[in-house]
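A.B. asks: The following block contains a protein sequence and its predicted model.
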Amino acid sequence: MNTKAETLVELRVADRAAMDRSLNAAVDRMIGIALRGGRHGILVTRLGDGHFTVGLSDAVPFGYTEQLDHRHRSF
């Protein structure tokens, strides 16, 4: 059984290179977990500048990775 801690990773990064490395590693980790269950896709959510979550999602079909941008924007 997967716990929430196993299926959601929160990332805070300082620069683009760290962002790319960290997101790729987190998605790779979630792919491994998703393959064991065969029911969830992967959702990458941007919460702010340099702040992301990567996790399994019932809303994303198995075999897919989707992105959401939830940054607060002021106009």
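C.D. replies: Looks like it came in fine.

A.B. asks: and residue 42, how many residues sit next to it?
C.D. replies: 24 (other CB atoms under 10 Å). Quick note: C-beta positions are derived from backbone N, CA and C, even for glycine.

A.B. asks: Is the residue positioned nearest the centre of the chain bridged to anything, and to what?
C.D. replies: Closest to where the C-alpha atoms of the chain average out (CA atoms, centre = their mean) is residue 54, at 1.5 Å. Bridge pairing for residue 54 (DSSP bridges) gives the partners residue 9, residue 44.

A.B. asks: okay but it is in contact with residue 19, surely?
C.D. replies: No: counting by CB atoms under 8 Å, residue 54 sits too far from residue 19 to count as a contact (11.6 Å).

A.B. asks: Common neighbours of these two, please.
C.D. replies: Here residue 54 and residue 19 have residue 11 as joint contacts, going by CB atoms under 8 Å, 6 or more residues apart in numbering.

A.B. asks: What mean pLDDT does stretch 34-52 get?
C.D. replies: Here stretch 34-52 scores 95 as its mean pLDDT.

A.B. asks: what's the closest residue to residue 46 other than its chain neighbours sitting at in phi/psi?
C.D. replies: Nearest residue to residue 46 in three dimensions, chain neighbours excluded: residue 69, at 4.8 Å (CB to CB, 6 or more residues apart in numbering). Geometry field for residue 69 lists phi and psi as phi -120, psi 110, criterion degrees, to the nearest 10.
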